[in-house]
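Student: I'd like to go over a predicted model; first the sequence, then the structure.
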Amino acid sequence: MPLGSGGQGVVYEVFDHHMKQNSALKILTDVTPHEIWKEAELLSRLSGKFLLPVRNADLISGVPYVVTEIARHGTTEDSLKGIEVASAKAVGWVIHACRGIARMHDSGLVHNDIKPGNLFLDSHGDALLGDLGYASQLRPSGFAPLTGGTPATMPPETAAVILSGNWADPCSVASDVYGLGATLYWLLTGRPPYIGPTPRDVLDQVLAGPPLRLQTTAPHVPQGVRGVVEKAMSRNAADRFQTASELDYALARLTQTGRLWTRISPHPGHFDCFEGNKGGSALAVCTAHTGVETQHEIVVRHQKSGRIASAPVRAPLSALPQRLRAIFRLHS
C-alpha cells in the first residue's frame, strides 16, 4: 500500500514475512549510488533514540531501498498548518534532531536533507530524524559526496556545487548543522528560509545571501534563540557550530522564564496576532491597519476579559517588528 512519495522516490507499507511486522519501504528512484551503495551497511546498523529505526537497506537490481519503522504520527512539518509552532516546542524538536544526527555522524554518515518534513513524531511527541535516502558516507577528508537534498535548507557551499555542475564532495558535518539551523528557522517562522517558484530559483537565493532575519519574520522569538539560528546558518561553515552536539548544547542552555509567545491565526480584521502565556495569564498582542496608509496599531489585551493591558502603540509597517519586540520584552 503506498504511503506517499517525494523527490527521492515512493514509500510503501509492506509486511516483512521474516520479521513478522509491517514496515515502510522506500524505493529511491532519484539517488545514484556511487560504487556499490556503501551507506547501506552503515544505515542497516544505525540506531539511536531520536532516529526513525532503520530495519534494512540494500540494492535490488541496482536500485537502492531503505526499510524503516512506519511513522504514524506525522512530521513536524504537518504541525505547522500554515503557521509556526511555539518556539519552545520548535527548539525541543531540533534538540531531538541534533541528537539523532550526532548518532549518524558518529557512524560516519551525513544526512544531507534535514528539514521539518523529515522529522517524524512518535507517540510521545518527540521528533525522530528519518528519510535517510540521501545519506552519504564521510571520507577521511571529512567531506562526503552529494546525492541530493532540499534547496531551501541547503547550505551555500552545497548550492554552489550544484549550480556549478561540478558535483564534488561538498557535504560535511557543517552542512548538516546548517540544515538543523534552517529547519529551526522554518519551524519558528512557518515558512522555509528561502522560497521560489523553482528549485533553481531557490538555489540562486541561497547563494545570493542570508534569509530574512528572524527579528523581522518572527519578532516574538527570544533573542537567544535567534542568535543560535543565525550562528548555525552562518554563510561560512567555519563560523557555525562545529558539531550537532555543540548546537544541541547551545539550544539546551536557553531557558524560557518569561511569557511564551506564539504567532496565532489573525483575528478578523487584524494583520498579525500573537498569544503569550505565563502561568494562568494569557495576553493577546494584535496588529491592525489604522486606515492611514502604512500605519498600524498594536493593541495588547488580556485574553479572558478582553481588557486592554497597555496603551495602544502606532507604528509604520517598516517599524512594526521593532515595536513588537519591545512589547514582547515589556510583557514577558
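Tutor: Alright, I've got the coordinates. Numbering: from 1, shown residues only.

Student: residue 136 and residue 165, how far apart?
Tutor: 19 Å (C-beta to C-beta, to the nearest Å). Where C-beta positions appear, they are placed from N, C-alpha and C, glycine not excepted.

Student: quick one: pLDDT of residue 291?
Tutor: Per-residue pLDDT puts residue 291 at 77.

Student: out of residue 136 and residue 165, which sits in the busier spot?
Tutor: Using other C-beta atoms under 10 Å as the criterion, residue 136 and residue 165 rank with residue 136 on top: 24 against 6.

Student: phi first, then psi, for residue 163.
Tutor: phi -70, psi -30 (degrees, to the nearest 10).

Student: burial measure for it, as a count.
Tutor: Residue 163, neighbours per other C-beta under 10 Å, totals 13.

Student: start at 21, not 1
Tutor: Happy to do that; since the first residue is 21 now, the last one works out to residue 183.

Student: buried residues of stretch 101-109, list them for me.
Tutor: 104-107, 109 (16 or more other C-beta atoms under 10 Å).

Student: same question for stretch 300-313.
Tutor: 303-308.

Student: what of stretch 242-254?
Tutor: So, applying 16+ other C-beta under 10 Å, buried residues of stretch 242-254: 242, 245-246, 248-254.

Student: neighbouring contacts of stretch 243-250?
Tutor: Residues outside stretch 243-250 that contact it (C-beta atoms under 8 Å, 6 or more residues apart in numbering): 107, 111, 201, 204-205, 208, 230, 233-235, 238, 267, 270-271, 274.

Student: go through those and name the one nearest residue 312.
Tutor: Here the nearest of the contacts of stretch 243-250 to residue 312, counting by C-beta to C-beta, is residue 235; it sits at 25.1 Å.

Student: poorly predicted segments of the stretch 71-220 of the chain, please.
Tutor: Residues of the stretch 71-220 of the chain meeting the criterion pLDDT under 70: 74-83, 85-91, 102-103.

Student: what segments of it are strands?
Tutor: 74-80, 83-88, 129-130, 139-141, 147-149, 156-157 (DSSP state E, counting those that start in this stretch).

Student: tell me the mean pLDDT over stretch 287-300?
Tutor: 88.

Student: could I get the buried residue list for it?
Tutor: 290, 292-296.

Student: start to end distance for that stretch?
Tutor: 22 Å (C-alpha to C-alpha, to the nearest Å).

Student: got it, and stretch 128-143?
Tutor: For stretch 128-143, the end-to-end distance is 29 Å (C-alpha to C-alpha).
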